[in-house]
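Colleague: Sequence and predicted structure, then a few things I'm wondering about:
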Amino acid sequence: MSQLVRFGVSLEKELLEKFDRRIGEKHYPNRSEAFRDLIREDLVKKEWAEGKDVAGAITLVYDHHRRELVNKLVDIQHDFHELIVSSQHIHMDESNCLEIIAVKGKPKRIEELAYRVKSTKGVKHGSLVMASTGKGLA
């Protein structure tokens, strides 16, 4: 188990009040948990910037009635098969589908995949959520 270290931080009163309101909105139990989360988020960004193996999720919303769209998306995913850990297809309603693609690999290649599927004609919305493999995080 890691050793707990206590330290002090000096902030302007107004900034701390805004921070406290914000962490309350996000349901953090205390400031320490909020600071831990902010630190980890920054470390994940660093992993992505340094090109280390990372993980993430690509989400897409599209109309499955769009001619050849599903085939194009599957073809793109096959071009990046080494990155894809899993994918899930969810029928939102009679026309719209949600696709969630779990990925792991080099950041540049994951971003390339995300841009390719997001920019495919007929995709209504797409996003990439950066995550970590967890190896370097406490």
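Modeller: It's in. Numbering: from 1, shown residues only.
Colleague: and the one helix or strand Asp42 maps to, what's its mean pLDDT?
Modeller: In the assignment (DSSP states H and E), Asp42 maps to helix 31-50. Taken as a whole, helix 31-50 has an average pLDDT of 93.
Colleague: Doesn't Thr59 lie inside a helix?
Modeller: No - read with DSSP: H, G, I helix; E, B strand; the rest coil, Thr59 is strand and lies in no helix.
Colleague: and the gap between it and Trp48?
Modeller: 17 Å (Cβ to Cβ, to the nearest Å). C-beta here means a position set from N, CA and C on the backbone, and glycine is covered the same way.
Colleague: what's in contact with stretch 62-72?
Modeller: Leu73, His91, Ser95, Asn96, Cys97, Glu99, Thr120, Lys121, Gly122, Val123, Lys124 (Cβ atoms under 8 Å, 6 or more residues apart in numbering).
Colleague: Can you list the residue ranges for strands in this protein?
Modeller: Under the criterion DSSP state E, strands of the chain are mapped to 54-63, 84-91, 96-105, 123-131.
Colleague: just these: most buried one?
Modeller: strand 54-63 (a mean of 20; mean count of other Cβ atoms under 10 Å).
Colleague: angle of that one against strand 96-105?
Modeller: Here strand 54-63 points in a direction 160 degrees away from that of strand 96-105 (axes from the mean of the first three to the mean of the last three Cα atoms, to 10 degrees).
Colleague: Please shift the residue numbers so they start at 18 in all later answers.
Modeller: In the new numbering, first residue 18, that becomes strand 71-80.
Colleague: and strand 71-80, which strands flank it?
Modeller: Sheet pairing of strand 71-80 (DSSP bridges) gives strand 113-122 (antiparallel), strand 140-148 (antiparallel).
Colleague: average pLDDT for it?
Modeller: pLDDT averaged over strand 71-80 gives 97.
Colleague: tilt between it and helix 48-67?
Modeller: 90 degrees.
Colleague: Taking strand 101-108 as reference, get the angle to strand 71-80.
Modeller: 30 degrees.
Colleague: what packs against the least confident helix or strand in the chain by mean pLDDT?
Modeller: Lowest mean confidence among the helices and strands of the chain (mean pLDDT, DSSP states H and E): helix 48-67, at a mean of 93. The contact analysis (3 or more Cβ pairs under 8 Å, 6 or more residues apart in numbering; DSSP states H and E) places helix 48-67 against helix 30-42, strand 71-80, helix 124-135, strand 140-148.
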